[in-house]
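Q: Here you go, sequence then predicted model.
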Amino acid sequence: MKEKIRISNRVMQIQKSAIHEMTRLSKEIDDVAFLSWAKPTTDTPEHIKEAAISAIKKGLVGGYSPTDGLVDLRREIVKKLKRDNNINADISQLLVTVGAIEGLAAAVMAVIDPGDEVILPTPTYSTHIRQVRIASGKPVLVPLIEKENFALDIQAIKNAITPRTKAIMYCSHNNPTATVFPEEQLRQIAEIALENNLMIITDEAYEYFVYDEKKHFSIGSIPEMKKNVISCFTFTKTYAMTGWRIGYLHADEEVIPQIKKAHIPFAICAPVVSQYAALAALKGSQDCVKEYRDHYLNTRNLMCERLDKLNSVFEYQKPEGSYLMFPKILIKEGQDSITFCKKLLREAKVSTTPGIAFGPTGESHLRLSFCISEEEINKAFDRMENYFSL
Ligand SMILES: Cc1ncc(COP(=O)(O)O)c(C=O)c1O
């Protein structure tokens, strides 16, 4: 008899990512127009690369850094949090992580015991759901209100709380719906957390990409929430540093040593060369951030214009932040978003991401990304117009 492979139930229950599956299929086809990349396609700015090269040449990157990150880097993060997030931090309240992802994973591992419930407003970034499962927690998916541009449903969140609820985890601006959760609603979430002694774990990866007078608000800036928030940030999106794998989190100085216990077995410390690059990113000119935002604003507007012409196929809400959008598929065969995406890829050579990858309420939607060139957007939409015979 064939022996059963010895893998934990915790890991076995995790399904293959629909995002990675679509990426794999897209690579099998020539000349695909990509609307599925959620990573900046521009390269990291020169001054950041130069700083990393210089650190390598000076022999600074061959060893580990302190597990919580280089002191100089944490000092710069303190300034950034004060300036842009209204968070009064101290270096003892910071942990430099391997991208936002490792920070989020370490936060979840530190907070969640087996069976604990974590409320996740959905559709959401599916990695969060997997992180809760890997910690043997129970994801409780609370739908966002689609007709209000995927707003938080405060009452539904309150109704979802049980004696096992330990945390609420969200990303704002939200991947995939591009909603910027407003300060007023996040203050209501803070009240709920304080009333029920819950931890809030935030993912603020897209903090700088916000449009149309909307404002990013960090719940970690509310002083009363000091012990109840773990705020996770990254250099990935802001400075086009996806491959450097560098991010950080902020939490109370009593919470950080506990998260560190989860961080060390997975990472020891964040890549040291990337920490020097991140230091240069924070100390240098911030013009690149503005350039990316201006570019995404143009490409967002272009994508909306092109989607308007496909209004018998898709219905969309204008993205308020990030560089993603999440149109609903109107045609009947679009209910199963995986089949729809695979067909679009094979028959029109356009790569998109199926909405089901972001939780059940994401079904019948597509995620499209506009962090690409205008040329690529036009190429994809010319093909789709042709394909849907419009
Ligand atoms: C919401 C969100 N959080 C985190 C990440 C990954 O961040 P990092 O590269 O810093 O791990 C992504 C990447 O697409 C994302 O969309």
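A: The structure has been received and is ready for your questions.
Q: OK, contacts around the residue of the chain found nearest the ligand?
A: The chain approaches the ligand most closely through residue 99 (2.5 Å), counting by CB to the nearest ligand atom. Any C-beta I mention is one placed from the backbone N, CA and C, and that applies to glycine too. Taking CB atoms under 8 Å, 6 or more residues apart in numbering, we find residue 99 in contact with 234, 236, 245, 246, 247.
Q: Packing partners of the lowest-mean-pLDDT helix or strand in the chain?
A: None of the helices or strands of the chain scores lower by mean pLDDT, DSSP states H and E than helix 18-27, at a mean of 86. The contact analysis (3 or more CB pairs under 8 Å, 6 or more residues apart in numbering; DSSP states H and E) places helix 18-27 against helix 337-348, strand 350-351, strand 353-354.
Q: who touches that helix?
A: Defining contact as CB under 8 Å, 6+ apart, one finds that helix 18-27 is touched by 32, 34, 36, 126, 338, 341-342, 345, 351-354, 356-357.
Q: ok, now with 10 Å
A: The list of residues contacting helix 18-27 from outside it, by CB atoms under 10 Å, 6 or more residues apart in numbering, reads 15-17, 32-34, 36-38, 126-127, 337-338, 341-342, 345-346, 349-358, 362, 367.
Q: quick check, stretch 112-131 touching the ligand?
A: Yes. Using CB under 6 Å from any ligand atom, we find that stretch 112-131 touches the ligand at residue 125.
Q: cool, stretch 320-336 as well?
A: No. Contact of stretch 320-336 with the ligand (CB under 6 Å from any ligand atom) is absent, the minimum separation being 7.5 Å.
Q: end to end, how far does that stretch reach?
A: 26 Å (CA to CA, to the nearest Å).
Q: and that stretch, which residues are buried?
A: Buried residues in stretch 320-336, counted by 16 or more other CB atoms under 10 Å: 320, 321, 322, 323, 324, 325, 326, 327, 328, 329, 334.
Q: do you know how far the last one is from residue 355?
A: Read it as residue 334. Per CB to CB, to the nearest Å, residue 334 is found 9 Å from residue 355.
Q: Mind listing the shared neighbours of the two?
A: Counting by CB under 10 Å, 6+ apart, the residues touching both residue 334 and residue 355 are 327, 328, 340, 341, 363, 364, 365, 366.
Q: Rebuild these as JSON lines, extending it with pLDDT.
A: Formatted as JSON lines, the shared contacts of residue 334 and residue 355 follow (pLDDT from 0 to 100):
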{"residue": "327", "pLDDT": "97"}
{"residue": "328", "pLDDT": "96"}
{"residue": "340", "pLDDT": "94"}
{"residue": "341", "pLDDT": "94"}
{"residue": "363", "pLDDT": "94"}
{"residue": "364", "pLDDT": "94"}
{"residue": "365", "pLDDT": "96"}
{"residue": "366", "pLDDT": "95"}
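Q: Would you mind giving those as JSON lines with secondary structure and distance to residue 301 added?
A: Listed next are these as JSON lines, based on DSSP: H, G, I helix; E, B strand; the rest coil; distance: CB to CB, whole Å:
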{"residue": "327", "secondary structure": "coil", "distance to residue 301": "15"}
{"residue": "328", "secondary structure": "strand", "distance to residue 301": "20"}
{"residue": "340", "secondary structure": "helix", "distance to residue 301": "25"}
{"residue": "341", "secondary structure": "helix", "distance to residue 301": "24"}
{"residue": "363", "secondary structure": "coil", "distance to residue 301": "28"}
{"residue": "364", "secondary structure": "coil", "distance to residue 301": "25"}
{"residue": "365", "secondary structure": "strand", "distance to residue 301": "21"}
{"residue": "366", "secondary structure": "strand", "distance to residue 301": "19"}
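Q: Now name the helix or strand holding residue 166.
A: Assigned by DSSP states H and E, residue 166 belongs to strand 165-171.
Q: Give the buried residues for that strand.
A: By 16+ other CB under 10 Å, the buried positions in strand 165-171 come out as 165, 166, 167, 168, 169, 170, 171.
Q: Packing partners of that strand?
A: helix 99-111, strand 117-122, helix 126-134, strand 138-143, helix 154-160, helix 183-196, strand 199-203, strand 229-234 (3 or more CB pairs under 10 Å, 6 or more residues apart in numbering; DSSP states H and E).
Q: Could you report the pLDDT at residue 338?
A: If you check residue 338, the pLDDT there is 92.
Q: I'd say it and residue 363 touch.
A: Yes. In terms of CB atoms under 10 Å, residue 338 counts as a neighbour of residue 363; the distance is 9.2 Å.
Q: okay, and the common contacts of the two?
A: By CB under 10 Å, 6+ apart, residue 338 and residue 363 have these common neighbours: 354, 355, 356, 357.
Q: Now for residue 119: which residues touch it?
A: Counting by CB under 10 Å, 6+ apart, residue 119 has contacts 132, 139-142, 156-158, 160-162, 165-170, 189, 192, 198, 200.
Q: Same question for residue 309.
A: Residue 309 touches 381, 384, 385, 388, 390, counting by CB under 10 Å, 6+ apart.
Q: rerun at 6 Å
A: Counting by CB atoms under 6 Å, 6 or more residues apart in numbering, residue 309 touches no other residue.
Q: Please list the outside residues in contact with stretch 69-80.
A: Against stretch 69-80 from outside (CB under 6 Å, 6+ apart): 89, 91, 94, 96, 248, 275, 278, 279, 282.
Q: Wasn't the fifth one part of a helix?
A: No. Assigned with DSSP: H, G, I helix; E, B strand; the rest coil, residue 248 falls outside any helix and is strand.
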